[in-house]
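Enquirer: here is the input, now give the coordinates:
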Amino acid sequence: MNKVIVLLSLIAAITACTKAPALKVYTLQVPQVKVQSSSRFKHKVIKVSYPQSLREQMSQKMNFSYSLNDRGTYQNSEWSNHMSKLLQGTIIDVLEHSKVFKAVVSNSSTLKENYKLESNIFAFEHRVRGTQSHAVISVQFTLINADTGKLVKSKRFSYREETSSIDAQGYAKATNVAIARLSKDLLNWLKYN
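Expert: Numbers count the residues shown, from 1 in each chain. As a prediction, the model looks like this:
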């Protein structure tokens, strides 16, 4: 009987030691935007291309850095989808809700577009430097006339939003604040400039 109790205790201890912490999954929240009553693009179709990354390795992993050379990803936290897909989906949702364009489609659509919105991601990470902690986003958008293939305009948007905590949860919250700022600035840039 004692052997059985010892064996069960040993199995319980091994199971408890090997159980990994639960994976926490975060997503980008689509910010609320105002419907635009007038726009020069009101009768045009825009195609939002899949964002490319020149510097950052984009994946479902949540990136962090403590210096230029000390970088990594959170082990028990991740984004709900590939970061480029989340960003593309968020931009499409924001543009659809704003009604700046007649229709907003992804690059997989066969619909003929009037404009194409391309984006390059330069930074998308949790940056910790000493006691300072920020969600950092830097994305360059390029608006192209699909009929002529010519550049309409291009602009880089960069944000550094302080986190409420130095962990993945604080990073995700600050990222959503930065995404709301980016969405507002992107709409203003498309509409007015």
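Enquirer: CA only for contacts and neighbour counts going forward, please
Expert: Fine.
Enquirer: partners of the helix or strand encompassing residue 161, with directions?
Expert: Per DSSP states H and E, residue 161 falls inside strand 151-162. Paired strands of strand 151-162, with direction, are strand 132-145 (antiparallel) (DSSP bridges).
Enquirer: most centrally placed residue in the chain?
Expert: residue 87 (4.2 Å; C-alpha atoms, centre = their mean).
Enquirer: next, that one: phi, psi?
Expert: Phi and psi for residue 87, reported as degrees, to the nearest 10, are phi -70, psi -40.
Enquirer: that one contacts residue 49, correct?
Expert: No: the pair residue 87 / residue 49 is not scored as a contact, 10.5 Å apart, by C-alpha atoms under 8 Å.
Enquirer: anything in contact with each of those two?
Expert: With contacts defined as C-alpha atoms under 8 Å, 6 or more residues apart in numbering, no residue is adjacent to both residue 87 and residue 49.
Enquirer: tell me the contacts of the residue nearest to the centre of the chain?
Expert: 28, 51.
Enquirer: just give the number of residues close to the nearest residue to residue 132 once chain neighbours are set aside.
Expert: In this structure, residue 132 finds its nearest non-sequential neighbour in residue 162, 7.8 Å apart by C-alpha to C-alpha, 6 or more residues apart in numbering. Using other C-alpha atoms under 10 Å, residue 162 has 22 neighbouring residues.
Enquirer: make residue 1 into 895 and carry on from there
Expert: New numbering, starting at 895: the last item is residue 1056.
Enquirer: distance check, residue 1056 against residue 935.
Expert: Computed with C-alpha to C-alpha, to the nearest Å, the distance linking residue 1056 and residue 935 is 35 Å.
Enquirer: got phi/psi on residue 941?
Expert: Torsion angles, degrees, to the nearest 10, at residue 941: phi -110, psi 120.
Enquirer: just confirm it contacts residue 1004, I think it does.
Expert: No: in this structure residue 941 lies outside contact range of residue 1004 using C-alpha under 8 Å: 9.9 Å.
Enquirer: who has more neighbours out of these two?
Expert: Between residue 941 and residue 1004, counting by other C-alpha under 10 Å, residue 941 is the more crowded of the two (25 against 9).
Enquirer: in the sheet, who's paired with that one?
Expert: Residue 941 has these beta-bridge partners by DSSP bridges: residue 999, residue 1010.
Enquirer: and what of residue 1029?
Expert: With DSSP bridges as the rule, residue 1029 is bridged to residue 1020, residue 1055.
Enquirer: residues contacting it?
Expert: Each residue near residue 1029 by C-alpha under 8 Å, 6+ apart is listed here: 1018-1021, 1053-1057, 1065-1066, 1068-1069, 1072.
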